[in-house]
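> Sequence and computational prediction follow.
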Amino acid sequence: MLRASASVISIEFEPRAITDRSLDPLLPNGRELLDLVDAVLTGTAQERASTRQAVIEAVGPTGLVDAAAVIANFEMMNRIADATGMPVGKGTLKRTAEWRALIDIDRFNHL
Amino acid sequence: MYGDVAFEFSEVAGLRADIRRVFRREWDRLALAGTWWSGRERVAIGNEARHARFGQSSPRTILATSDVEAASTVSAKPAAIRREWVNAITTDLGYPRYVEIVGIVSRLAAIDTFHVAIGTELEPLPEPEPGEPSRTEEPLARPGAAWVPMVGGASITQALSLVDAESTAQEDMHGPLYLTYEEMAELDFVRGLNRAQMELVAARTSAINECFY
C-alpha cells in the first residue's frame, strides 16, 4: 500500500526506513511521523510529548489525530492477525517478495 | 449508556466526530452482554488486557485462568502467539469464546493506544450492564488456512467472522481510525495525512509489533 500510494501521488520514498531508523524515509514529514510511532509504542512520556509536538508543527493537529488513529488501528489489526494466524495470500507473497526482502520483514513470519 | 458522556477529548484539537462516536459505541458494546460473554465478563477481559498491556499485575477477577491467559497474551504479547498456543487455549475456551476475547482486546488496544498517542488519560472502563450472552452460532464458519474457523476464505476482514458481532465491531472501528474497506482502494486519499504518510505510519507500527501480516 505504501509503495502504491507513493507512486500514485508521485513522491519518492525509502522503504528500508520502515525497519532501519538510520535512513530518511524521504516522504514529507516522514521522520517526524516515524519518531511518533516509535515514541508511542516504545518510548517514554517525555519522548511522546516531544514527538507529538513535532508532528503538530509538521502536519498540524488534524495530522496528529490521523497519525494517532492509524497507529491505533494497526495495534488492533496486528493483534487480530497474530491471534488468528492470518496467512498472507500466495499472490501477495509473490508480488511483494522483492519488497519484503528489502525491508527484511520475513523474519516476522511465524506461520 | 456511554453515548454522550465518555471520550470528550475537550482539549484535543482536530479530533474527528467519527472517532469519538466509534469509541463511545465500543464502550457500549464492551459493557453489554456479547455473543459468548456477559457484560461483566467482557469488562473483566478488558481490565485484564489493560493491566497486562501496561505491565501491571493481574487484578482480582471473576475470570478463569485460561480466560486471563488469553486476554493478557493477546493484549501484551501478540507477536509471541503460535498455532500450538491457540490450539491449547481453545481446547479450554472453545473457538467462539476465544475469538470474542481477541475482538474485545484488540479494539481496547486501539482505543488505549489512541489516548497514549494524543497524550490524554485513558478512559475508565465502563460499568457492565446486565444481560445474558446471545450464544449465537455462526453456521457458515469453517476451519481453513488460519488458526480459527471463519466464514469464507482466510482474510483479515473475515478474521473474527466466527462471532459476527465482533467482526462488525472490527469493521466499525477500521473506518474512522484508518480507512473503510472501500476507501482502501483510494491510493490518493487525503485527510490530515496523505495516503503515503498513513501507510508509512501503518508499516512502522506493524514492524515494531513484529507483525508479518
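Structure's in. What do you need?

> residue ranges with poor pLDDT in the chain?
Using chain A here. Low-confidence segments of chain A (pLDDT under 70): A:2-10, A:110-111.

> To clarify, I was referring to chain B.
Scanning chain B for pLDDT under 70 picks out B:1-4, B:213.

> Which element is encountered next along the chain beyond the helix or strand residue A:53 falls within?
Following DSSP states H and E, one finds residue A:53 within helix A:45-84. Where DSSP H and E defines the elements, the next helix or strand beyond helix A:45-84 is helix A:90-95.

> Next, work out how far apart residue B:16 and residue B:103 are.
Separation of residue B:16 from residue B:103 (CB to CB, to the nearest Å) stands at 23 Å. (Each C-beta comes from the backbone N, C-alpha and C, glycine too.)

> Specify which residue of the two has the higher count of neighbours.
The neighbour comparison of residue B:16 against residue B:103 (other CB atoms under 10 Å in any protein chain shown) goes to residue B:103, with 31 against 17.

> Skipping its backbone neighbours, what lies nearest that one in space?
Closest residue to residue B:103 apart from its sequence neighbours, by CB to CB, 6 or more residues apart in numbering or on different chains: residue B:166 at 3.2 Å.

> Let me know the outermost residue of chain B.
Residue farthest from the centre of chain B, counting by CA atoms, centre = their mean, is residue B:188 at 27.6 Å.

> what number of residues lie near residue B:23?
Neighbour count for residue B:23, taken as other CB under 10 Å: 23.

> show me the contacts for it.
Residue B:23 is in contact with B:6-7, B:111, B:114, B:123, counting by CB atoms under 8 Å, 6 or more residues apart in numbering or on different chains.

> Which strand or helix spans it?
Per DSSP H and E: helix B:17-31 holds residue B:23.

> What of residue B:5?
Per DSSP H and E, there is no helix or strand for residue B:5.

> measure the spatially most central residue of chain A to residue A:12 for me?
Against the mean C-alpha coordinate of chain A, by CA atoms, centre = their mean, the closest residue is residue A:18 at 6.1 Å. Per CB to CB, residue A:18 is found 15 Å from residue A:12.

> go on, residue B:186?
Distance, residue B:186 to residue A:12, using CB to CB: 21 Å.

> the more surrounded of these two?
Neighbour count, other CB under 10 Å: between residue B:186 and residue A:12, residue B:186 has more, with 13 against 9.

> my read: the more buried one touches residue B:195, true?
Yes - look at residue B:186 against residue B:195 with CB atoms under 8 Å: they come within range, at 7.2 Å.

> Next, count neighbours for the nearest residue to residue B:189 once chain neighbours are set aside.
Leaving aside its chain neighbours, residue B:189 sits nearest to residue B:195 (4.6 Å; criterion: CB to CB, 6+ apart). The burial count assigned to residue B:195 is 23, neighbours taken as other CB under 10 Å.

> can you give me phi and psi for residue B:194?
phi -80, psi 170 (degrees, to the nearest 10).

> Relative to chain A, how far out is it?
6 Å (CB to the nearest CB, to the nearest Å).

> That residue bridge partners, please.
Listed by DSSP bridges, the beta-bridge partners for residue B:194 are residue B:190.

> quick one: furthest residue from the center of chain A?
Largest separation from the mean C-alpha position in chain A: residue A:90, at 22.7 Å (CA atoms, centre = their mean).

> Return the distance of that one relative to residue B:158.
Distance of residue A:90 to residue B:158, given as CB to CB: 17 Å.

> Now find how far off-centre the helix or strand containing residue B:165 is within its chain.
Under the criterion DSSP H and E, the helix or strand holding residue B:165 is helix B:164-177. Remark: helix B:164-177 is offset 9 Å from the chain centroid, using CA atoms, centre = their mean, to the nearest Å.

> Repeat that for stretch B:194-213.
Taking mean C-alpha positions (CA atoms, centre = their mean), stretch B:194-213 and its chain are 18 Å apart.

> Also stretch B:115-129?
Relative to the chain's own centre, stretch B:115-129 is displaced by 14 Å; criterion: CA atoms, centre = their mean.

> Just the buried positions in that stretch, please.
B:115-120, B:123, B:125-126, B:128-129 (16 or more other CB atoms under 10 Å in any protein chain shown).
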